[in-house]
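In: I need the structure of the sequence given here:
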Amino acid sequence: MARSSVRTKIFVISMRSAAQRRHAFISSGVPKSMNWDFFDAHEKLHAGLHYDEDRAIIAKGRPLKAGELGCFSSHHALWKRLIEDDADQYLILEDDILADWSFIKPLIAKDHGEAGHDYIRLYYKKPAPTRILQKDFICRTTRLIEISGYCFGTQAYLLTKNGARRFLDHISEVNRPIDDQMDRSWVHGVRNLAVFPFPVLERAIPSAIGTSRFDTYRIPERLKLRRFVSRQRERAGYQIFGRRRFRFQL
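Out: I've put the predicted structure just below:
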């Protein structure tokens, strides 16, 4: 039997010192009737997470930046909070977004865990193969889609308790950015779902993580072979397990 109501909490990840970004978010049109809280972003890894630079170079091709470690830790901490909370699901946002709150309000009133939709992105950064799961999702012109492969971004997503548990079971070793890890549905088993068209957009402001992560990095000779093997395994795993549900879609 369906429950009469679902308990959803909204958290906006933001550096405590980011007064300008917080003011911009508050001024972006959030309805006064919408209950939400800032979550103070972490600046380093919290207990329970482990980062090894060599493993990051092997997996990602470069070391992770301090901002990426803090971002990983922030999202991971909210997953843990959801498990211990009386809420059924969280809407997790970052402070550099613009949102269509008229869409989000009915979205968060729906029990997505009951439907088996444990992780729903409201925005992503890179085009990737998709398939349509449901038309007229929440409103007439919106679709629920499933993504295959990497599309990147943690700007806005809804996560159920079950989704949080499954992420926590598989994502504790920090060797890729958090969005890379979340995209790897063929590894952790949490389907990479999204809403399209996006009800959330990312504002064009500099990332708090910085852009130096995009600079060319020379892999140490001692790790080159292990990096090559890791890339081949990643590609094979994705082709075998990541694309199988998409192969026969016209």
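In: pretty sure R226 is in contact with G61, am I right?
Out: No - using CB atoms under 8 Å, R226 is not in contact with G61; the gap is 11.3 Å. The C-beta positions use only the backbone N, C-alpha and C, and glycine is treated the same way.
In: Number of residues surrounding T160?
Out: Residues near T160, counting by other CB atoms under 10 Å, number 26.
In: Same question for the one 5 residues further on.
Out: When counting by other CB under 10 Å, one arrives at 15 neighbours for R165.
In: ranges for the strands of this protein?
Out: Along the chain, the segments classed as strands by DSSP state E run 8-14, 37-40, 50-51, 89-94, 97-99, 119-121, 130-134, 143-147, 156-160, 173-174, 193-196, 200-202.
In: Mean pLDDT for these - can I get that in a markdown table?
Out: Shown next, in a markdown table, are the strands of the chain (pLDDT from 0 to 100):
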| stretch | mean pLDDT |
| --- | --- |
| strand 8-14 | 97 |
| strand 37-40 | 97 |
| strand 50-51 | 92 |
| strand 89-94 | 98 |
| strand 97-99 | 96 |
| strand 119-121 | 98 |
| strand 130-134 | 94 |
| strand 143-147 | 97 |
| strand 156-160 | 98 |
| strand 173-174 | 92 |
| strand 193-196 | 98 |
| strand 200-202 | 96 |
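In: where do the helices sit along this protein?
Out: In the chain, helices defined by DSSP state H lie at 19-26, 53-60, 66-84, 101-108, 161-170, 178-183, 185-188, 221-237, listed in chain order.
In: Tell me which other helices or strands the longest one touches.
Out: Other helices and strands packing on helix 66-84, by 3 or more CB pairs under 8 Å, 6 or more residues apart in numbering; DSSP states H and E, are strand 8-14, strand 37-40, strand 89-94, helix 161-170, helix 178-183.
In: Residues in contact with the longest one: which ones?
Out: If I follow you right, that is helix 161-170. For helix 161-170, contacts defined as CB atoms under 8 Å, 6 or more residues apart in numbering pick out 76, 79-80, 82-83, 87-90, 113, 118-119, 159, 182, 187-190.
In: how about 7 Å then?
Out: For helix 161-170, the external contacting residues (CB atoms under 7 Å, 6 or more residues apart in numbering) are 79-80, 82-83, 88-89, 113, 118-119, 187-190.
In: could I get these as TSV with distance to P127?
Out: Compiled in TSV, these are given as follows (distance: CB to CB, whole Å):
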residue	distance to P127
W79	27
K80	32
L82	29
I83	33
D88	31
Q89	27
G113	28
D118	23
Y119	19
V187	21
H188	22
G189	24
V190	21
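In: Tell me the one among the residues you listed nearest to R235.
Out: Distance to R235 across these (CB to CB) is lowest for V187, with 13.0 Å.
In: What separation do you get for that closest one and Q181?
Out: Going from V187 to Q181 by CB to CB, to the nearest Å gives 8 Å.
In: For the residue nearest in space to the middle of the chain, report the pLDDT, please.
Out: Nearest residue to the geometric centre of the chain (CA atoms, centre = their mean): T154, 3.8 Å. According to the prediction, T154 has pLDDT 96.
In: Just the terminal-to-terminal distance for stretch 86-106.
Out: Using CA to CA, to the nearest Å, the end-to-end distance of stretch 86-106 comes to 20 Å.
In: cool, and stretch 135-153?
Out: End-to-end distance for stretch 135-153, by CA to CA: 24 Å.
In: okay, L250: pLDDT?
Out: Looking at L250, its pLDDT reads 37.
In: oh sorry, the question was meant for G237
Out: G237 is assigned a pLDDT of 87 by the prediction.
In: Now it. Nearest residue, chain neighbours left out?
Out: Distance criterion CB to CB, 6 or more residues apart in numbering; nearest residue to G237, sequence neighbours excluded, is W186 at 6.0 Å.
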